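K.L.:
when you get a sec, could you give me coordinates for this:
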Amino acid sequence: MTSGTDTHSKTIGYILWIFGFMGAHRFYYGRPVTGTIYFFTLGLLFVGWIIDLFLIPGMDSNADLRFAPGPLDYNVAWILLTFLGLFGIHRFYMGKWLSGIIYLLTGGLFLVGIVYDYWTLNEQLTLINGRSERI
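P.N.:
Residues are numbered from 1 along each chain as shown. Have a look, this model is predicted:
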């Protein structure tokens with residue numbers, strides 16, 4: 001995979017894997033359904049979590065193919081969402097100023113917005129990156 005199409009990082013994936021029993025790495029790689037299942041089952045009772053240690057390189061390659069590279073870095077956006085999502089910093093990073101201000105004033109739109117962003121952040125970034133390629 002060339003560096004121009006490397007949208008996701010194995011390093012970030014393995015760091016999120018540490019919290020994988022909560023599905024963090026699966027959300028990151030664009031697998032929200034299994035991420036949610038992992039969240040509610042503690043990584044399929046930790047068995048799926050251990051198996052994913054070996055599946056991360058494949059998930060990374062798949063994410064690199066699925067999501068459009070561009071000016072917005074997926075890794076930065078995911079770090080901002082994970083650690084500062086309550087304040088909407090990831091939304092400011094994406095240029096979504098109005099929703100960023102709303103998140104800032106409402107605690108991530110009462111946490112529901114953060115859950116929504118965990119489900120859709122990769123797609124949001126792909127749309128923004130795709131638009132910038134056409135300009």
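K.L.:
residue contacts, the residue positioned nearest the centre of the chain?
P.N.:
Note on the chain: the residue nearest the mean C-alpha position is Tyr28, at 3.4 Å, using C-alpha atoms, centre = their mean. By C-beta atoms under 8 Å, 6 or more residues apart in numbering, the contact list for Tyr28 reads 8, 12-13, 16, 63, 78. Heads up, the C-betas are built off the backbone N, CA and C, glycines and all.
K.L.:
possible to save the residues you listed as CSV with pLDDT?
P.N.:
Converted to CSV, those look like this (pLDDT from 0 to 100):
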residue, pLDDT
His8, 97
Ile12, 95
Gly13, 96
Leu16, 92
Ala63, 97
Trp78, 96
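K.L.:
and which of the residues you listed is nearest Tyr93?
P.N.:
Trp78 (10.5 Å; C-beta to C-beta).
K.L.:
please report how far the closest one lies from Asp6.
P.N.:
Taking C-beta to C-beta, to the nearest Å as the measure, Trp78 falls 14 Å from Asp6.
K.L.:
just to revisit the earlier point, out of the contacts of Tyr28, who's the most crowded?
P.N.:
Neighbour tally across the contacts of Tyr28 (other C-beta atoms under 10 Å): the maximum, 26 neighbours, falls on Trp78.
K.L.:
right, I'll leave it there.
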